[in-house]
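Asks: Let me see the structure of the following:
(one chain, ligands or ions: 1)
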Amino acid sequence: MPGILILDDDPDVALAARLALRRLASIAVRQAPGELAAVLDEMQPDVLLLDMNFSPGASDGAQGLALLREVVARQGQAVAPAVVVMTAYAEVELAVQALKSGAVDFITKPWTNERLVACVQAALARRAPPPAAGELLGDSAAMQSLRAQIAQVGASEASVLVLGENGVGKELVARALHGASSRAGGPLLAVDMGSLPEALVESELFGHKRGSFTDARESRPGRFVAAAGGTLFLDEIGNLPLAQQAKLLAALERREITPVGSDRPVPVDVRVLAATNVPEAELFDARRFRPDLLYRLNTVVLRVPPLRERGAGDIVRLLRHYLAHFAAGRPARDVDADALARLTAYRWPGNVRELRQACERATLLARGPVFTWADFGLVAPTALAPEAPTLDLEQRERDAVQAALAQAGGNISQAARLLGVSRAALYRRLDKHGL
Ligand SMILES: Nc1ncnc2c1ncn2[C@@H]1O[C@H](COP(=O)(O)OP(=O)(O)OP(=O)(O)O)[C@@H](O)[C@H]1O
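Replies: The predicted structure follows:
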């Protein structure tokens, strides 16, 4: 189970957060900032929920920022948690500074539990960037071409739409684009549209005025304002409901937003990058995605290839990288020849994220002197000879179902959509294949 550490000197706030988050992860609470380093070493949490002020009367957030920098500095040496900072509602500047300093997100107090859970879930999903953050590994022709395109369009202000299956590295591409731009000194704010409850999308993006709806006890700046001077990365844009798409389009066209409950538009200065795992053909389905918004977002389209199309060289490079990463300073064990052959022939339906997890699992659980195929815990059958795939229809159906489930992270509705069948039809096939 993942771990969350809450560091807040107010026991009531810490308790409220603990109760809201207890289903997501195992939770530890600390009140004294002096304990942070020790508890990070001992617990190795995936997410740190960090208060910004600890001394009585302090309100400038300097303590929180210093702690945040300490945590971010650990990313060079060890796995460090993704940090979500907690700020008071009026502290937009502080939230922006925290994002610039490496926090993955911020949440304003008082929060709604729904919002806190969505925010921490997104941080958990993105936890622990690789040590060389932003570095897109791989020397295949496809990756070289991708890097060249990033260098070419990174410096411009163009909107870029990043396409690719789950786990191929779309967020890493967005980070590289931001890093190559003149906005690199500003924040890069990622918003996972997939994890936002529909009712909150608008207030999340554009902010809201106090009293504009039942839970809006205080005014809150939206993501467009928080990312000012930097880049806003709209992840899983394919999940944005049509009504909100119209509002996003208006904001992009006018370069201004209107907070919920306000009638005064506010100018915004952000570069927008977007990503989706929806296949290109479906993206142009107007029932799902407004074409005018699509044309706004896709000035440049970058396609991140699935790992299986990058060739064995890239797979081996990534295996070495992540096995060394999880060995955390100790020499990484070798992978035996049989395992290497199977790993390079494996289809990696969950792409680089799946490979990274397989390396973490192997490092944690393997007992022998070298890694074997079983250590990686990859259950789907591997095609040892991918150039001659089986033509057995039953087997192919079974493979497709397994791949769709892996790609959808076990989500039945999404897997059914990937396969182009109804949920009921997918259940029948799961039953038929004993999956
Ligand atoms: N080329 C690469 N080199 C090194 N690490 C990579 C590469 N591509 C992806 N990763 C790592 O794989 C994981 C998944 O990458 P990322 O989150 O960018 O994928 P994504 O396409 O945005 O996924 P999703 O569609 O699920 O949001 C991250 O840990 C990322 O650092």
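Asks: and the gap between T87 and I315?
Replies: To I315, T87 is 42 Å away according to C-beta to C-beta, to the nearest Å. To be clear about C-beta, it is placed using only N, CA and C from the backbone, and glycine gets the same treatment.
Asks: Ok, L189 next?
Replies: L189 is 32 Å from I315, by C-beta to C-beta.
Asks: same question, R288
Replies: The gap separating R288 from I315 is 33 Å, by C-beta to C-beta.
Asks: which one of these two has more residues nearby?
Replies: I315 (22 against 14; other C-beta atoms under 10 Å).
Asks: Give me the spatial nearest neighbour of that one, chain neighbours excluded.
Replies: Using C-beta to C-beta, 6 or more residues apart in numbering and skipping the chain neighbours, the partner closest in space to I315 is T344 (5.0 Å).
Asks: Do I have it right that that neighbour meets R317?
Replies: No: using C-beta atoms under 8 Å, T344 makes no contact with R317, being 10.9 Å away.
Asks: which of these two has more neighbours?
Replies: Shown here are T344 and R317; by other C-beta under 10 Å, T344 has more neighbours (19 against 16).
Asks: so the more buried one, which of the three states?
Replies: The three-state assignment at T344 reads helix, by DSSP: H, G, I helix; E, B strand; the rest coil.
Asks: which ones are touching it?
Replies: Residues near T344 by C-beta atoms under 8 Å, 6 or more residues apart in numbering: A312, I315, V316.
Asks: Which ones among the residues you listed also lie next to the ligand?
Replies: With C-beta under 6 Å from any ligand atom as the criterion, the contacts of T344 include none near the ligand.
Asks: And the nearest residue to N113 once chain neighbours are set aside, its phi and psi?
Replies: Excluding its sequence neighbours, the residue lying closest to N113 (C-beta to C-beta, 6+ apart) is A20, at 4.2 Å. As for A20, its main-chain torsions (degrees, to the nearest 10) stand at phi -70, psi -30.
Asks: Looks like A20 contacts V117 (just checking).
Replies: Yes: counting by C-beta under 8 Å, A20 touches V117, with 6.1 Å between them.
Asks: Please look at P33 and L67 and confirm they touch.
Replies: Yes: the criterion here is C-beta under 8 Å, and P33 meets it with L67 at 5.7 Å.
Asks: what sits in contact with each of the two?
Replies: By C-beta under 8 Å, 6+ apart, the residues touching both P33 and L67 are L7.
Asks: what's the neighbour count on G230?
Replies: G230 - counted by other C-beta under 10 Å - has 22 other residues nearby.
Asks: now do L242
Replies: Residues near L242, counting by other C-beta under 10 Å, number 12.
Asks: and it, what pLDDT?
Replies: Here the pLDDT value assigned to L242 is 87.
Asks: what's the answer for G350, then?
Replies: As predicted, G350 sits at a pLDDT of 93.
Asks: again, but for A385
Replies: 45.
Asks: The residue of the stretch 101-250 of the chain found nearest the ligand: what's it in contact with?
Replies: Using C-beta to the nearest ligand atom, the single residue of the stretch 101-250 of the chain nearest to the ligand is G169, 2.6 Å away. G169 makes contact with L136, V304, N351, V352, according to C-beta under 8 Å, 6+ apart.
Asks: with those in mind, which one is nearest to S262?
Replies: Checking the contacts of G169 against S262 with C-beta to C-beta, the nearest one is V304 at 37.6 Å.
Asks: which residue sits closest to the closest one, ignoring its sequence neighbours?
Replies: Closest residue to V304 apart from its sequence neighbours, by C-beta to C-beta, 6+ apart: G164 at 3.5 Å.
Asks: what about the one you found, how many residues close to it?
Replies: 19.
Asks: Check A425 too.
Replies: A425: 12 neighbours (other C-beta under 10 Å).
Asks: before we move on, what about the one 4 residues further on?
Replies: The local packing count at R429 equals 18, with neighbours defined by other C-beta under 10 Å.
Asks: Show residues contacting the helix or strand harbouring it.
Replies: Element membership of R429 [criterion: DSSP states H and E] is helix 423-432. By C-beta under 8 Å, 6+ apart, the residues outside helix 423-432 that reach it are E397, V401, I412, S413, A415, A416, L419, V421, L435.
Asks: hmm, who's touching the helix or strand containing R69?
Replies: Assessed by DSSP H and E, R69 sits inside helix 62-73. Applying C-beta under 8 Å, 6+ apart, the contact partners of helix 62-73 are 7, 33, 36-37, 40, 48, 50-55, 80-81, 83, 85, 94, 97-98, 101-103.
Asks: for stretch 94-106, same thing?
Replies: Residues outside stretch 94-106 that contact it (C-beta under 8 Å, 6+ apart) are 50, 52, 60-61, 64-65, 68-69, 71-72, 75, 82-87, 108, 119, 122-123, 126, 185-190, 221, 226-230.
Asks: Break down the stretch 201-350 of the chain into its helices, ranges please.
Replies: Assigned by DSSP state H, counting those that start in this stretch, the helices in the stretch 201-350 of the chain fall at 201-206, 223-226, 242-254, 280-283, 291-297, 312-327, 337-345.
Asks: And those, which one averages the lowest pLDDT?
Replies: Note on the helices of the stretch 201-350 of the chain: helix 280-283 shows the lowest mean pLDDT, a mean of 82.
Asks: Please save the CA atoms from that helix in PDB.
Replies: Only the C-alpha atoms of helix 280-283 are listed here, as PDB (Å, rounded to 0.1, in the frame of the first residue of the first chain):
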ATOM      1  CA  GLU A 280      -6.200   9.600 -32.800                       C
ATOM      2  CA  ALA A 281      -9.100   8.300 -34.800                       C
ATOM      3  CA  GLU A 282     -11.500   8.600 -31.800                       C
ATOM      4  CA  LEU A 283     -10.200  12.100 -30.900                       C
END
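Asks: Can you name every helix or strand that that helix contacts?
Replies: Of the remaining helices and strands, none touches helix 280-283 by 3 or more C-beta pairs under 8 Å, 6 or more residues apart in numbering; DSSP states H and E.
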